[in-house]
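J.: Structural data only, the sequence is not supplied:
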């Protein structure tokens with residue numbers, strides 16, 4: 001078969017390698033790209049495998065053989081992707097064999113087109129790698145954003161990093177003082193890891209923590225450090241500092257059973273994850289310290305409120321046993337003197353007037369002491385229960401000021417534990433006091449509902465209301481202290497306090513407190 005010179009010139013323009021081979025495997029034509037690659041000037045009458053490759057027989061690879069006969073017999077195109085070279089520098093070639101009939105001799109030839117697709121394969125590899133990296137980051141981000149404990153988040157991160165770098169062994173250590181301790185791990189002996197402590201500066205992780213720089217090496221180097229002590233099958237490792245605010249808070253060790261090096265791309269990604277996880281560890285430590293501070297605060301507040309109630313009891317008892325008794329005696333004595341003066345006909349008007357004023361002051365003082373004792377420790381709460389005590393206090397406080405009070409009870413009314421009753425009563429006192437001082441209301445409504453597992457207290461008014469969003473803290477003037485105290489009090493017994501209010505639309509205080517069961 002002769003190739004038209006014009007067609008041959010057109011083939012030479014093509015950058016891909018193109019050859020035409022007869023059914024007897026003789027090379028009919030090779031374009032310029034083929035001649036340049038294999039260093040030939042004339043193709044002669046030789047076989048394609050001899051002219052191009054210097055082989056003695058048809059081309060053959062580990063998993064393929066020359067498909068010329070198959071293509072001619074099937075009269076169908078065939079494509080193969082061939083690779084050559086090392087893993088570091090591998091070349092990919094896409095080869096397409098197309099059967100073609102010679103219109104002048106009715107014989108068949110095969111057109112072989114070879115295209116270098118190394119760049120395309122590398123782009124595909126990079127895209128797949130990027131996709132995998134994004135999936136890993138997405139899974140780690142999902143773990144961080146979910147309500148999981150620190151160890152769970154770190155385990156998810158470690159497992160995904162091992163998958164990303166095809167690692168078999170790894171762990172995340174956290175800094176505790178001048179030591180590092182494994183918080184989570186994979187593939188390490190659990191019996192030894194639990195008690196292992198690595199000093200800053202010792203071992204692989206200790207050096208990384210000291211220098212705040214990643215460290216890579218071979219399995220032989222890792223085997224002599226406590227991080228991977230006596231582990232077999234490790235061929236390469238990388239250790240990454242976990243950073244938070246320019247401070248090392250942990251170290252991530254990752255090891256592989258493959259002989260490999262960690263590239264710049266992997267190093268960059270793992271370093272970025274190191275900052276990411278470092279922030280997570282730092283945040284967890286801050287949350288832990290905050291939780292402990294909150295516990296201490298709650299304990300102190302509970303102690304203060306308990307001491308306050310005990311002191312209220314003591315003062316109320318002393319007022320009842322001593323002050324009230326003394327004032328009562330004084331009142332009776334003054335009353336006796338008034339009656340004696342009248343019976344004896346003492347006519348000194350000024351003396352009688354002063355004696356009567358003294359008697360009136362004694363009566364007033366006695367009433368105020370009684371009122372103070374009720375404020376300090378309401379006897380009605382102990383004797384008749386929560387609903388009666390709140391209703392009595394509300395009416396006694398608000399009705400003299402022209403504020404109508406309505407009280408409603410629902411559910412199975414029963415006595416509650418003392419600390420719950422006194423909490424709800426004090427909250428009611430605070431809410432009623434706010435109505436009196438600030439609301440300018442005409443009516444107040446109180447609901448006390450006993451549910452099977454909780455008690456609900458609602459106190460609302462039709463007053464001027466306020467913007468709840470503006471009360472975010474206790475101001476130096478004391479504004480906001482009442483609302484803050486209500487919420488803190490109810491939280492100590494496991495309840496919640498919610499306040500609804502808008503300017504001109506009144507205020508509603510809702511308190512829910514769980515009722516302990518028979519076993520609680």
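T.: Looks like it came in fine. Fair warning: this is a prediction, and the values are worked out from it, not measured in the lab. Numbering: from 1, shown residues only.

J.: Okay, now the unreliable bits of this structure?
T.: 1-3, 86-88, 224, 229-231, 474-475, 477-480, 518-520 (pLDDT under 70).

J.: so how many other residues sit close to residue 249?
T.: Using other C-beta atoms under 10 Å, residue 249 has 21 neighbouring residues. C-beta coordinates here come from the backbone N, C-alpha and C atoms, glycine included.

J.: same question, the one 3 residues further on
T.: A total of 26 residues lie near residue 252 under the criterion other C-beta under 10 Å.

J.: do the same with residue 100
T.: 11.

J.: That one and residue 73: what is the separation?
T.: As defined by C-beta to C-beta, to the nearest Å, residue 100 lies at a distance of 14 Å from residue 73.

J.: now do residue 281
T.: With C-beta to C-beta as the criterion, residue 281 and residue 73 are 66 Å apart.

J.: These two - which one has more neighbours?
T.: Between residue 281 and residue 73, counting by other C-beta under 10 Å, residue 281 is the more crowded of the two (21 against 11).

J.: three-state assignment of the residue nearest to the more buried one when sequence neighbours are not counted?
T.: Leaving out its chain neighbours, the residue that sits closest to residue 281 by C-beta to C-beta, 6 or more residues apart in numbering is residue 249, at 4.8 Å. Following DSSP: H, G, I helix; E, B strand; the rest coil, the label given to residue 249 is strand.

J.: quick one: contacts for residue 249?
T.: Residue 249 makes contact with 174-175, 242-243, 278, 281-282, 285 under the criterion C-beta atoms under 8 Å, 6 or more residues apart in numbering.

J.: From those, list just the buried residues.
T.: Among the contacts of residue 249, those buried by neighbour count (16 or more other C-beta atoms under 10 Å) are 174-175, 242-243, 278, 281-282.

J.: What about those, which are in strands?
T.: Among the buried ones among the contacts of residue 249, the ones falling in strands (DSSP state E) are 174-175, 242-243.

J.: could these go into a markdown table alongside distance to residue 125?
T.: Below are those laid out as a markdown table (distance: C-beta to C-beta, whole Å):
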| residue | distance to residue 125 |
| --- | --- |
| 174 | 35 |
| 175 | 37 |
| 242 | 29 |
| 243 | 30 |
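
J.: Quick check: the farthest pair among those?
T.: Spatial extent of those (C-beta to C-beta) is set by the pair 174 and 243 at 12.7 Å.

J.: Pretty sure residue 260 sits in a strand.
T.: No - looking at residue 260 with three-state DSSP, it is coil, so not inside a strand.

J.: for the nearest residue to it once chain neighbours are set aside, what are its contacts?
T.: For residue 260, ignoring the flanking residues on the chain, the nearest one in space by C-beta to C-beta, 6+ apart is residue 236 at 5.1 Å. By C-beta under 8 Å, 6+ apart, the contact set of residue 236 is 216-219, 255-256, 258-262.

J.: Among those residues, name the buried ones.
T.: 216, 219, 255-256, 262.

J.: Quick check: which helices or strands does the longest helix anywhere in the chain pack against?
T.: Secondary structure assigned by DSSP state H gives helix 264-318 as the longest helix of the chain. Judged by 3 or more C-beta pairs under 8 Å, 6 or more residues apart in numbering; DSSP states H and E, helix 264-318 is in contact with helix 118-145, helix 150-164, strand 236-244, strand 247-256, helix 349-376, helix 481-492.

J.: which residues are in contact with the strand of greatest length in the chain?
T.: As assigned by DSSP E, the longest strand anywhere in the chain is strand 90-101. Strand 90-101 is contacted from outside by 20, 67-68, 71-72, 74-85, 107-118, 120-121, using C-beta under 8 Å, 6+ apart.

J.: Output the helices and strands packed on helix 264-318 in a markdown table, with distance to residue 62 appended to each entry.
T.: Formatted as a markdown table, those follow (distance: least, C-beta to C-beta, whole Å):
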| stretch | distance to residue 62 |
| --- | --- |
| helix 118-145 | 19 |
| helix 150-164 | 29 |
| strand 236-244 | 27 |
| strand 247-256 | 26 |
| helix 349-376 | 96 |
| helix 481-492 | 73 |
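
J.: Out of those, flag the one nearest residue 313.
T.: That would be, of the helices and strands packed on helix 264-318 and by C-beta to C-beta, helix 349-376, which comes in at 7.5 Å.

J.: In the next helix or strand after that closest one, which residues are buried?
T.: Going down the chain from helix 349-376, the next helix or strand is helix 379-384, by DSSP states H and E. Residues 380-381 are the ones in helix 379-384 that count as buried (16+ other C-beta under 10 Å).

J.: Summarise which helices and strands helix 379-384 is packed against.
T.: Contact partners of helix 379-384 among helices and strands, from 3+ C-beta pairs under 8 Å, 6+ apart: helix 386-398, helix 418-434.

J.: Could you count how many residues lie near residue 178?
T.: Neighbours of residue 178 (other C-beta under 10 Å): 11.

J.: And residue 442, by the same measure?
T.: For residue 442, the neighbour count with other C-beta under 10 Å is 11.

J.: and the closest residue to it other than its chain neighbours, what does it touch?
T.: Leaving aside its chain neighbours, residue 442 sits nearest to residue 462 (5.9 Å; criterion: C-beta to C-beta, 6+ apart). By C-beta under 8 Å, 6+ apart, residue 462 lies in contact with 441-443, 506.

J.: of those residues, buried ones?
T.: For those, buried by 16+ other C-beta under 10 Å: 441, 506.

J.: Out of the contacts of residue 462, flag the one nearest to residue 59.
T.: Distance to residue 59 across those (C-beta to C-beta) is lowest for residue 506, with 92.6 Å.
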